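*Asks:* how does the following fold in three dimensions:
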Amino acid sequence: MAAARATSVPTYTQDIERCVKFLQEAQAPASDGKLEFKYLHQMQEIVNRERHVLEIHLDDLLDFGEQDLAHQVSSNTKRYTKLFADACDKASKDMTPTVDLPRQRDVLETYIHQRIALVQSHAGQDEPATVDPRATYPSDLLRRFEVVFHPSVEQKVQSIRHIDAQDIGSLVKIEGIVTRATAVKPLMTVATYACDACGSEVYQEVKGNTFMPLFMCQTQACVANKRKGRLSLQTRGSKFVKFQELRIQELAKHVPTGHIPRSMTIQVSGEATRSAAPGDEVTITGIFLPVPYTGYRAIRAGLLSDTYLEAQTIEKRKKTHAERSITEAERQEIETQSRYADIYDKLAASIAPEIYGHDDVKKALLLVLVGGVDRKMADGMKIRGDINVCLMGDPGVAKSQLLKKVADLAPRGIYTTGRGSSGVGLTAAVTRDPLTNELVLEGGALVLADMGVCCIDEFDKMDEGDRTAIHEVMEQQTISIAKAGIQTSLNARAAILAAANPLYGRYNTRKTPTQNINLPAALLSRFDLMFLLLDRPSYEADLRLAQHITYVHANNDFPDLEFEPLSKDFVRNYVSLAKSFQPYISPALTDHITGVYAKIREEQHASGDDTHITARTLLAILRIASSLARLRFSDEVAMEDFEEALRLMHASKASVTEIQAEKKQRTNPIAAIYKIVKDMRTRSGLDELRMGDIESAVIAKGFNNAQLTACLTEYEDLNVWMISEDKSRVQFV
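*Replies:* Modelled structure (predicted):
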C-alpha cells in the first residue's frame, strides 16, 4: 500500500516532462478566434527579447487535461515556479530569434560572452558551440524571464483575515487597499565572487531578502593547493531584479463589527513593480509564505514566523481615467447616448438614484467627477481645474450618502471624517521605513486621493489647526512639508468634496448665513460651489419623500424613474471619455463673461450682501463651464455652458442666502425679469436701456436668454416698452 502511494508521487524528471509537454502542445483561442500554440508563441517572444514574463493560466492546464498538475501548482506554487522556468529553458533551448536582435550587447550578453571565452581558454577549446553556459552557471543568472501564474476564474477573492496556516505555499487571491509602497530598489538574486588566489568565480544563489556572504574560496583549485583565497563580491557579474514592498489593508466591507482592519506585507519583484500606488484598491494574486524573524526579534519570537505574500499579479479594482480601456462597443454606446439632449440630466440622476431630490446637487457632484481643465502658463504658474464643492445643511438630508456615492464612483476616492482626521493624517506623516530604517514620508488622505476626489464628512467638526492644512491643497494642489530634515512638496491634485452642519446643528433662521456657516472667508472662497440643504416642512414634498423612502425599504430598490438609470461602469466610462477633451474659451465669449462678472460684483456690493464674491468666483464659473463642455464632448465652451454654470452658481449662492426655497420656486421668472429691468431704469434714471446691459444683469441672476426673450415679448405686447429694430435698445413708453 505504501509502495503504491510512493509511486504516485511524480519525480522531478516526470514533472519537467509534463511541463515541457504542456508548454509545447497547449492551445488557446487567439484574438481572431482561431486556436494557436499560446505558450510556444510566448517562448518565441522571450527568445526574441520582446517579452520578460511567461504567463501561465491554470485554466489552460485544466483544459489541457492536467487537473492533477493544476492542483499541485495551486497548492505548491513556489516549487512549480522553478519547474516551469526550467521547463521553459529546456523547451526554448533550440529556438532561434525570428527578428533582428539589437546590435549593441547588454550587460548580461557581454557577461555570457566573456565567461564562455574564459571556459574555452581554461579547457583549450576553440569551438564556442561545445561550451554550454547553462551547465556552468546558475540558471537564474542567465535567465531573461520570470514565471507568473494566473489563478482559475473559479477561484474566489479572499479577505486578508481569511488567509491562514493551511494556505502557506499556495496560490491565493486577496483584495485590499494599498497603504504604503516603498521605492523600487535592486534585489540581488545571484551573488558572484572572484577569488584573489586562483582567479575562479564562485556563485551564490540568494533566496531571501538577507544572506550571509561567502568569504573563503572552496573551489577545487584552492583546496588542492591548500590556499585560503579570499572572495570579493563582483557587482557587475551578479544578478539583480527590481524589488518593491507594499502594505495593504483589508477593505472596510470585510471588517467584522468591533474589529480593526488587518494588514499584510506584499513583496513585489520584476515586472510587477510600480503596478500600484498608495490609495489604490487592488486584487493581488500571490504565494503566501512564512519568513522567520531576524536579529533581536528572532530571540523574542522563538518558533513564531512572520508571513508575507509574494505577488504574482496585481490588478487595480478601480482604474484611473488614463488607465481605463474602453471597448469599441462601450464607445459606440456612449456616443449614442451623448446625442440625446437630456444626457446631462440622466448622468446626474444616475448618481445615487435611491436618494430623492437634490437635482442641482447631483449635477454639481457630476461636475466634480468630470472636473475642469488644468491651465499651465508659460511662466510655470498653474491654475487648478478640479472643482471643490461644500454641502452644508441640516441633519438627515443625505449628505454623507452622497459623499460615499461619489467616493465609490471616482477612480481614486478617499472618504474620511473631520473628527477622525488630523492634519498629519490628511497631509503626510514622517515614518521610519521598516526595510531601510530611513525616515520617509507617508502620504495622508489628500495625497492618496491624488488625481481623484477626497470626501471629507463632518467638515465643521475639524480642529481649526487641522483645517488649515487643507488651504494649500484646495488652491495650489500641493502639500509643502518641512519635517525631520525632509523638505519637499507633494502632489495633491484632488477635488475636495466636503459636508458640514451649520454652527447650531440646524440652520438658525434668526442668524445671517455667514454666522450659520461659521467657516473662514479664506476657506469659503476656495469652494467653487456651496449648497445649503435645508430641511423645510412642506406637505407635498414630505409626502413624496416618504413615499420614496418606504418604496426603497419595501422593495429593496429605488422607484421607477422616467428613464432607466445608467450603470456605474457607464458613468465611469463616460466621465473617462469626457476628461480627454480640453475645451477652450472663445474670444467672442470672453467679453460677455467679464461683463457679467463685473455686474455680479457691483450688485453684491450694492445689496450689502455679506457673502464673498472674489476673482476665485470667476475662475469657478470658468471651471464649471469647461466641465459642462467636456460633458458635451466639445473642445469649445459655448454660451449654454456659461449660462448653466451661472445658473448653478446662482443656485448655490441663492441656497445660502435665501431661506425659503418654496418662495423661490413660486417666483414667476417673467415677473422677476421685469422687476430687474424696472430696477435698472430706476437706478439709471433713463427711459432707454441697452440690450447688452439688460442681458448681463438677467443672466447674472440665474435666468437664461429664452426667459428674457419671453419677458421682452410679453411686456412689449402690453405696451410697457418698445424694442428697437436692431434689438439693441429697449425704450420705456
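
*Asks:* the residue most central in space within the chain: what's it in contact with?
*Replies:* By C-alpha atoms, centre = their mean, the chain has its centre lying nearest to R412, at 3.6 Å. Residues in contact with R412 (C-beta atoms under 8 Å, 6 or more residues apart in numbering) are G279, D280, K318, T320, L448, A449, D450, M451, G452, V453, A494. No exception for glycine: its C-beta is placed from N, CA and C like everyone else's.

*Asks:* and of those, the nearest to F240?
*Replies:* D280 (26.1 Å; C-beta to C-beta).

*Asks:* phi, psi of the closest one?
*Replies:* When read as degrees, to the nearest 10, the backbone of D280 gives phi -80, psi 140.

*Asks:* give me the spatial nearest neighbour of it, chain neighbours excluded.
*Replies:* V178 (5.0 Å; C-beta to C-beta, 6 or more residues apart in numbering).

*Asks:* does that neighbour count as helix, strand or coil?
*Replies:* Of the three states, V178 takes strand under DSSP: H, G, I helix; E, B strand; the rest coil.

*Asks:* repeat for K90
*Replies:* Relying on three-state DSSP, one would call K90 helix.

*Asks:* how many neighbouring residues does the nearest residue to it once chain neighbours are set aside have?
*Replies:* Spatial nearest neighbour of K90, excluding adjacent residues (C-beta to C-beta, 6+ apart): V20 at 5.7 Å. When neighbours are defined as other C-beta atoms under 10 Å, V20 has 18 of them.

*Asks:* any stretches of the stretch 451-600 of the chain with poor pLDDT?
*Replies:* Residue ranges of the stretch 451-600 of the chain with pLDDT under 70: 484, 509-510, 512-513, 538, 561-562.

*Asks:* distance of Q547 relative to R536?
*Replies:* Here Q547 is placed at a distance of 18 Å from R536 (C-beta to C-beta, to the nearest Å).

*Asks:* I should have written S586 there, sorry.
*Replies:* According to C-beta to C-beta, S586 and R536 sit 41 Å apart.

*Asks:* repeat that for I456.
*Replies:* The gap separating I456 from R536 is 26 Å, by C-beta to C-beta.

*Asks:* which one's more surrounded, the two?
*Replies:* I456 (25 against 13).

*Asks:* tell me the buried residues in stretch 583-590?
*Replies:* Of all the residues in stretch 583-590, those buried under the rule 16 or more other C-beta atoms under 10 Å are P583, I585, L589.

*Asks:* roughly how far does the first one sit from G371?
*Replies:* Same thing as P583. 12 Å.

*Asks:* shared neighbours, those two?
*Replies:* Residues touching both P583 and G371 (C-beta under 8 Å, 6+ apart): R630.

*Asks:* before we move on, the earlier item: so after the helix or strand hosting the residue nearest to K90, what's the next helix or strand?
*Replies:* Element membership for V20 (DSSP states H and E) is helix 12-25. Using DSSP H and E, the next helix or strand after helix 12-25 towards the C-terminus is strand 28-29.

*Asks:* I'd like the mean pLDDT over the helix or strand just after that following strand, please.
*Replies:* Counting by DSSP H and E, the next helix or strand C-terminal to strand 28-29 is strand 35-36. On average, the pLDDT along strand 35-36 is 81.

*Asks:* fine by me, we can end here.
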